[in-house]
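> sequence first, then the predicted structure, then my questions.
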Amino acid sequence: MYIEAFTTHFGDLADTRQSAKVTYPLEDILFITLCGVVAGAEGWSEIRDYADGHIDWFQQHGYLREGVPVDDTIARTISRIDPEQFRACFINWMQAVHESTEGQMIAIDGKTLRSSYQRGDRQSTIHMVNAFACANQVVLGQIKTSEKSNEITAIPELIQLLDIQDTLVSIDAMGCQTRIAEEIVEQGGDYLFTLKRNHGKLFKAVEHAFSEARKAPLGGLSFEQKHGRIDARIYHVLSAEVVSKAFPGWPELKTLGMSMSFRQQRGKAPKLT
């Protein structure tokens, strides 16, 4: 049961409060906070209201025997938790409740948290790197970075925390790096990277590899119409033999793919992207 997994993985989290003054177990406060946030609660008072509205369910599962703590108690308790220790517990818990299947995809992506920027503090904006299990739609882990550009160093750190054996790890153009590919392969996974023009030499090498395909007559186009425009796409894939010879620096590289897109907006000429 998921609740039992929660108890197992968060039971060792250090509680720095004075034991003689503790009325509400740390596990109780952690669990109601988690449930409240998942249910959409924003702020300590809403977490407290959520727990109060579902107290019968919580008590049926062994929580809140002393009632619901006030929001100040929830805030003080959560603020005393060691962030690194909590992150390790959370990642282990997510991987325990996540049914890993051979060949699953894990998408790693960076996001800037909305409304995290504060005037007068240019360093206040919060950037997160998340690992998302696509099949089960759960976040397996995340790491905070000080700047958007630090995603490159945060991605290997996040990968090391995950079990990626027999999985396909998908990363956008920011993480298209040979050392990240090596980290994934060393842990028994496969990688799927996006490549954009800002990777100068690599992008030109891929363009050259697909030079014949780019000259060939268009065929097999797929069309999509939305927002007053028409998008057409065609895809090409190179075999492993051709790829391995042209890109020897990439570990276990099997396939190279290219997407050509054509867009026509109303009243304008088609544009290749």
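Received, thanks. Fair warning: this is a prediction, and the values are worked out from it, not measured in the lab.
> low pLDDT regions in this protein?
For the chain, the stretches with pLDDT under 70 are 1-2, 97-103, 112-126, 146-149, 220, 227, 265-273.
> can you pull out the helices in it?
In the chain, the segments counted as helices under DSSP state H are 2-10, 26-38, 44-53, 55-60, 71-79, 83-97, 151-161, 178-186, 200-209, 211-215, 240-246.
> in a markdown table: the ones you listed, plus distance to F132 and mean neighbour count.
Just so you know, the C-beta spots here come from the backbone N, C-alpha and C atoms, and that holds for glycine as well. Supplementary listing: those in a markdown table, determined by distance: least, C-beta to C-beta, whole Å; neighbours: other C-beta atoms under 10 Å:
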| stretch | distance to F132 | mean neighbour count |
| --- | --- | --- |
| helix 2-10 | 18 | 15 |
| helix 26-38 | 15 | 19 |
| helix 44-53 | 24 | 18 |
| helix 55-60 | 28 | 12 |
| helix 71-79 | 24 | 16 |
| helix 83-97 | 11 | 16 |
| helix 151-161 | 11 | 18 |
| helix 178-186 | 15 | 18 |
| helix 200-209 | 25 | 14 |
| helix 211-215 | 32 | 10 |
| helix 240-246 | 27 | 13 |
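> with distance to C134 added, can I get the ones you listed in a markdown table?
Converted to a markdown table, these look like this (distance: least, C-beta to C-beta, whole Å):
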| stretch | distance to C134 |
| --- | --- |
| helix 2-10 | 20 |
| helix 26-38 | 19 |
| helix 44-53 | 28 |
| helix 55-60 | 30 |
| helix 71-79 | 30 |
| helix 83-97 | 14 |
| helix 151-161 | 16 |
| helix 178-186 | 16 |
| helix 200-209 | 25 |
| helix 211-215 | 28 |
| helix 240-246 | 24 |
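> closest one to F262 among the ones you listed?
Closest approach to F262 among the helices of the chain (C-beta to C-beta): helix 211-215, 12.6 Å.
> dump the C-alpha coordinates for the closest one into PDB.
C-alpha atoms of helix 211-215 as PDB (Å, rounded to 0.1, in the frame of the first residue of the first chain):
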ATOM      1  CA  SER A 211      21.900  16.100 -46.700                       C
ATOM      2  CA  GLU A 212      20.600  13.500 -49.100                       C
ATOM      3  CA  ALA A 213      17.300  13.200 -47.300                       C
ATOM      4  CA  ARG A 214      16.900  16.900 -47.300                       C
ATOM      5  CA  LYS A 215      17.300  17.000 -51.100                       C
END
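> any idea how far it is from the chain center?
Offset of helix 211-215 from its chain centre (C-alpha atoms, centre = their mean, to the nearest Å): 35 Å.
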